[in-house]
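*Asks:* 3D, please:
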Amino acid sequence: MNDHEKRDFQAGLEAEVDAFMRGETTRRTFITRFGQMTGMLAASGPILAMMTDWALAQQKLELADAASPLGQAQAAAMVPPSAPSRRRRRIRASR
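*Replies:* Residues are numbered from 1 along each chain as shown. Alright, predicted model coming up:
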């Protein structure tokens, strides 16, 4: 590096440090976040493939007749987790 290149580099570095100290986003912040997002995208491929296989397996699931004990148990197991069960409601009511 000659003197001119060193001065340009120093000026650019000073501008980045000043922007960082003011709390502004810098090129380094952008590059870091871009790298993190790229890594998440790379990891999401295999995870999405596994979730697709699981969803297809759930779709093929055959349920027993709703009148049978097995069908009633299956129906109870398929209740979404956000819906509170009777037991939880009784526990909350007793407090």
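
*Asks:* scan this structure for its longest helix.
*Replies:* Using DSSP state H to define each element, the chain has its longest helix at helix 27-59.

*Asks:* buried set for that helix?
*Replies:* Residues of helix 27-59 include none that count as buried (16 or more other C-beta atoms under 10 Å). C-beta: built from backbone N, CA, C; applies to glycine.

*Asks:* ok now it, how far from the chain's centre?
*Replies:* Relative to its chain's centre, helix 27-59 lies at 8 Å (C-alpha atoms, centre = their mean, to the nearest Å).

*Asks:* show residues contacting whatever helix or strand comes next after that helix.
*Replies:* As assigned by DSSP states H and E, the chain's next helix or strand after helix 27-59 is helix 69-77. Residues outside helix 69-77 that contact it (C-beta atoms under 8 Å, 6 or more residues apart in numbering) are 63-66.

*Asks:* by neighbour count, which of these wins?
*Replies:* The most crowded member of the contacts of helix 69-77, judged by other C-beta atoms under 10 Å, is Ala64 (13 neighbours).

*Asks:* list the contacts for it?
*Replies:* Contacts of Ala64 by C-beta under 8 Å, 6+ apart are 70-71, 74.

*Asks:* now with 10 Å?
*Replies:* Applying C-beta atoms under 10 Å, 6 or more residues apart in numbering to Ala64 gives the contacts 70-75.

*Asks:* are any of those residues buried, and which?
*Replies:* For those, a neighbour count by 16+ other C-beta under 10 Å gives the buried set as Gln74.

*Asks:* which of the contacts of Ala64 lies closest to Ala57?
*Replies:* Of all these, Gln74 has the smallest distance to Ala57: 15.1 Å, by C-beta to C-beta.

*Asks:* would you check how far apart the closest one and Asp53 are?
*Replies:* Distance, Gln74 to Asp53, using C-beta to C-beta, to the nearest Å: 21 Å.

*Asks:* what do you get for Glu62?
*Replies:* Taken as C-beta to C-beta, the span from Glu62 to Asp53 is 18 Å.

*Asks:* what ranges of the chain fall below the confidence cut-off?
*Replies:* 79-95 (pLDDT under 70).

*Asks:* try it again at 90.
*Replies:* For the chain, the stretches flagged by pLDDT under 90 are 1-66, 71-95.

*Asks:* alright, I will stop here.
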